[in-house]
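K.L.:
Based on what follows, work out the 3D shape:
(2 chains)
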Amino acid sequence: MNTVLIVQSLISGIMMGAVYALLGIGFSLTWGVMKVINIAHATFGLVGAFIAYFLLNRWGVDPIVSLVITVPFLFVAGCVIYRLLIVPIRRSKEIIVSSMILTFGVAIVLENLLLLLWGPEPRLLTTSYTTKVIVIGPFYFQYPWVAGFLMAVAGVAIVHLFLMKTYTGKAVRAAWQQPEASQLYGVNLKRISMIAFGLAVSSAGAGGVGLAMLYSFEPHSHNLWLIYVFLVVIVGGVGNILGTAAAGVIIGIITGLSLALLPYQWVNLLTFGLLMIILVVRPQGLFRSEV
Amino acid sequence: MNMERESAAKLVRTIIVLLVVGALAAFPFLAPPIYFISFGFMILMYVTLATSWSIIGGYAGYLSFGHVAFLGIGAYTTALITNHFGLHALGTIGTVLPAGLVAAGIAVVVGYPCLRLRGPYFAVITLCFAFVVHLAVKNLSFMGGSDGLWIPSMKVPIEWNRLIFYELMLILVVATTAASAYIGGSKFGAGLRAIKEDEEVAQTMAVNAPALKSLAFALSAFFVGVAGGLYGYYLEYFHPDTVFDVNISILIVLMALFGGGGSWLGPVVGATILSLVNEGLSTFVNAELARIIYGSLFIVVIIFMPNGIMEFFKKRPKTVGENLPST
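P.N.:
Next comes the predicted model:
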């Protein structure tokens, strides 16, 4: 087997996995903090991708620059959705189930709004540097992949530092570990949950823009994205941000290698089979929980 | 007095159920357009799927997102047996029983590791199971691969064909619903409810949780497998993407929860309403708008009727303060 090809696939896989990790951390956060499984999470990523697409084609805004608009917009959207839709079911006995069905509805609504606005054709973020490559020895790196990868690393680092260093971030973690006790220490659970939800949705938007730099996307893409989100979050351990990042890299390596070595139709089979095995053997994730 | 009233109520309920089943059975003989019989078949199939899903998902609270796998397994079993032995119509209909048994057998094997997981983990692993089966069948050549499979059609006029399938599915609906209602009232059902409430406590109260869950999962898969066999024969030609479509899996869950997962009637009502809404919307408005309304429906139902529509209408008089017992 061609070694260069394998190494090339490995690197591409790691880049892809990092972007999926950025898409996944918010999902992990809402699942951990408020027991909300947001099926619409990847759909918000897709909304981010379409906003970037719109800004790029209308005003030529670079996708990375467009994050200045996408991220705050989705943060506010996340807060509003939290207030309108999640608060009413917050005290539901089976919040995990309720939230899954509710956000499934949100995903359908968003997907079809995107279909109405942009139609079902696959889109590509075509920038001035889309076709440019960096060549190092026998390996080549496409510019958008490098940009998406760096953005993902920065995004995961920012969310991690926010949770570790800032007062609000610490409050989020406190609310996660001890919801009742944290309130005694002055954590406003409702407000903190809202911020966490907004953060999750906006990080999904950033992840979506990152994925859009790697692959083409259309209004149905979020289904496949969501499966990868589940994969990185479960492998990394729910609520474990760095675990999710590591899981992204691991899954990237596996996908990259199987893409290089296996016929294409067996790749997904391997991915799902692997997720099943990990779930049975280590449902708490591969890594020690962080909190 | 109380017992008399209860038995009278039971009699009334039995009569209503018999009347409904009788009316449903008579419907295709009124010679309605074929479209309505086919549509009726699909509604009945979804009622079967949602009701049998509810045995594990509703009573025990284990949300399987992989039930479409059993539907597909049923369809494939029927097709493979029929084609291998060159069976005729009656024989083919007979194969739906082995189809159900194969589905149940696979459910036992897959359920053994999977049923140890709870909540969203169980949901995800069953979803993966559905994907794995779908992709495997698609890539295995003796299963027809991505070409799909044929079942030779019945040598009868199309009206009769549709009528026969409709009536067969109605029989399956009655059997599934009866099984579900029976389980709901039995000790088995009580054990499943205890597992849903709190599995640890149930275990200490001498409920053999692993055995009960396994049995419930297998029973649930059995009826779905039989439905799959009938569906495969009904389709005559099918492709892995049709009978392993994950959207069916998700739809089954939504139908059952929409109606209310805790009773036998909930999934029946949920499946019927959602099938009608789906069909009505796709007839009268454009596809995207239909889906938006459809999606909003889930949001509204979860916020205003978190325990399903059946619970919503049951509880209502009490919360308003009417119909309070005078004693």
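K.L.:
which regions of the chain sit below the pLDDT cut-off?
P.N.:
With no chain named, the answer covers chain A. For chain A, residues meeting the criterion pLDDT under 70 lie at A:1, A:288-291.
K.L.:
if you could check chain B rather than the one you did, that'd help
P.N.:
Regions of chain B meeting the criterion pLDDT under 70 cover residues B:1-3, B:261, B:314-327.
K.L.:
Which residue ranges of the stretch 1-150 of chain B form helices?
P.N.:
Ranges of helices in the stretch 1-150 of chain B, per DSSP state H, counting those that start in this stretch, are B:2-26, B:34-57, B:67-85, B:89-94, B:96-114, B:119-139.
K.L.:
same question, the stretch 201-327 of chain B
P.N.:
B:209-235, B:240-243, B:246-259, B:265-284, B:287-304, B:309-320.
K.L.:
go on, the stretch 151-291 of chain A?
P.N.:
Along the stretch 151-291 of chain A, counting by DSSP H, counting those that start in this stretch, helices occupy A:167-177, A:179-184, A:189-214, A:222-236, A:241-261, A:264-281.
K.L.:
Just put the ones you listed in JSON lines and tack on mean neighbour count and distance to chain B.
P.N.:
No exception for glycine: its C-beta is placed from N, CA and C like everyone else's. Shown next, in JSON lines, are the helices of the stretch 151-291 of chain A (neighbours: other C-beta atoms under 10 Å in any protein chain shown; distance: least, C-beta to the nearest C-beta, whole Å):
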{"stretch": "helix A:167-177", "mean neighbour count": "18", "distance to chain B": "17"}
{"stretch": "helix A:179-184", "mean neighbour count": "13", "distance to chain B": "18"}
{"stretch": "helix A:189-214", "mean neighbour count": "26", "distance to chain B": "16"}
{"stretch": "helix A:222-236", "mean neighbour count": "24", "distance to chain B": "6"}
{"stretch": "helix A:241-261", "mean neighbour count": "22", "distance to chain B": "13"}
{"stretch": "helix A:264-281", "mean neighbour count": "17", "distance to chain B": "4"}
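K.L.:
re earlier: so for A:Y264, which of the helices of the stretch 201-327 of chain B sits nearest?
P.N.:
With C-beta to C-beta as the criterion, A:Y264 lies closest to helix B:240-243 of the helices of the stretch 201-327 of chain B, at 16.2 Å.
K.L.:
What residues does A:N223 make contact with?
P.N.:
Applying C-beta atoms under 8 Å, 6 or more residues apart in numbering or on different chains, one finds that A:N223 lies in contact with A:A42.
K.L.:
do the same with B:S263
P.N.:
B:58, B:184, B:310.
K.L.:
By neighbours, which of those residues wins?
P.N.:
B:G58 (31 neighbours; other C-beta atoms under 10 Å in any protein chain shown).
K.L.:
from what I can see it touches B:F258, true?
P.N.:
No. Between B:G58 and B:F258 there is no contact under C-beta atoms under 8 Å: 11.4 Å.
K.L.:
thinking again about what came up before, so which of the helices of the stretch 1-150 of chain B gets nearest B:N247?
P.N.:
Comparing the helices of the stretch 1-150 of chain B by C-beta to C-beta, helix B:67-85 comes nearest, at 8.2 Å.
K.L.:
what's that closest one packed up against?
P.N.:
helix B:34-57, helix B:89-94, helix B:96-114, helix B:119-139, strand B:149-150, helix B:209-235, helix B:240-243, helix B:246-259 (3 or more C-beta pairs under 8 Å, 6 or more residues apart in numbering or on different chains; DSSP states H and E).
K.L.:
for the fourth one, which positions count as buried?
P.N.:
Meaning helix B:119-139. B:119-138 (16 or more other C-beta atoms under 10 Å in any protein chain shown).
K.L.:
Same question for the last one.
P.N.:
If you call a residue buried by 16+ other C-beta under 10 Å, then helix B:246-259 has these buried ones: B:246, B:248-259.
K.L.:
Could you dump the helices of the stretch 151-291 of chain A into JSON lines and include distance to A:G26?
P.N.:
Below are the helices of the stretch 151-291 of chain A laid out as JSON lines (distance: least, C-beta to C-beta, whole Å):
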{"stretch": "helix A:167-177", "distance to A:G26": "12"}
{"stretch": "helix A:179-184", "distance to A:G26": "19"}
{"stretch": "helix A:189-214", "distance to A:G26": "3"}
{"stretch": "helix A:222-236", "distance to A:G26": "9"}
{"stretch": "helix A:241-261", "distance to A:G26": "10"}
{"stretch": "helix A:264-281", "distance to A:G26": "20"}
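K.L.:
How about the contacts made by residue 42?
P.N.:
Chain wasn't specified; assuming chain A. Counted by C-beta under 8 Å, 6+ apart, A:A42 has contacts A:23, A:107, A:204, A:208, A:222-223, A:225-226, A:229.
K.L.:
You answered for a different chain; I wanted chain B.
P.N.:
Applying C-beta under 8 Å, 6+ apart to B:M42 gives the contacts B:S275.
K.L.:
how far away is it from B:D245?
P.N.:
Applying C-beta to C-beta, to the nearest Å, the value for B:M42 to B:D245 is 13 Å.
K.L.:
B:M305 now?
P.N.:
Applying C-beta to C-beta, the value for B:M305 to B:D245 is 27 Å.
K.L.:
got it, and B:N83?
P.N.:
Per C-beta to C-beta, B:N83 is found 22 Å from B:D245.
K.L.:
Please apply the same query to A:T127.
P.N.:
36 Å.
K.L.:
relative orientation of the longest helix seen in chain A and helix A:189-214 in degrees?
P.N.:
Across chain A, the helix with the greatest residue count (assigned by DSSP state H) is helix A:3-34. Angle, helix A:3-34 to helix A:189-214, by axes from the mean of the first three to the mean of the last three C-alpha atoms, to 10 degrees: 160 degrees.
K.L.:
relative to helix A:167-177, how tilted is helix A:3-34?
P.N.:
80 degrees.
K.L.:
For A:V135, pull up the helix or strand it's in.
P.N.:
Under the criterion of DSSP states H and E, A:V135 resides in strand A:133-136.
K.L.:
got the buried residues for the helix or strand following that strand?
P.N.:
Sequence-wise, the next helix or strand downstream of strand A:133-136 (DSSP H and E) is strand A:139-142. Judged by neighbour count (16+ other C-beta under 10 Å), strand A:139-142 contains these buried residues: A:141-142.
K.L.:
Which residues are in contact with residue 156?
P.N.:
Picking chain A for this. Counting by C-beta under 8 Å, 6+ apart, A:V156 has contacts A:18, A:21-22, A:25, A:241, A:244-245.
K.L.:
hm, I was asking about chain B
P.N.:
Taking C-beta under 8 Å, 6+ apart, we find B:V156 in contact with B:89, B:164.
K.L.:
swap in the one 10 residues further on?
P.N.:
Shown in contact with B:Y166 (C-beta under 8 Å, 6+ apart): B:27-28, B:37, B:40-41, B:44.
K.L.:
switch to 6 Å and redo it
P.N.:
B:28, B:37, B:40-41 (C-beta atoms under 6 Å, 6 or more residues apart in numbering or on different chains).
K.L.:
Tell me the residues on chain B that lie near chain A, please.
P.N.:
Within chain B, the positions adjacent to chain A are B:113, B:117, B:119-121, B:124-125, B:128, B:131-132, B:135, B:139, B:288, B:291-292, B:295, B:298-299, B:302-303, B:306 by C-beta under 6 Å from any C-beta of the partner chain.
K.L.:
what about residue 238, neighbour count?
P.N.:
Because you didn't say which chain, this covers chain A. For A:V238, using other C-beta under 10 Å, the count is 21.
K.L.:
wrong one, I was asking about chain B
P.N.:
Applying other C-beta under 10 Å, we find 23 residues neighbouring B:F238.
K.L.:
residue contacts, the residue nearest to the spatial centre of chain B?
P.N.:
By C-alpha atoms, centre = their mean, the mean C-alpha position of chain B lies nearest to B:L49, the distance being 1.3 Å. Shown here is B:L49, whose contacts under the criterion C-beta under 6 Å, 6+ apart are B:224, B:252.
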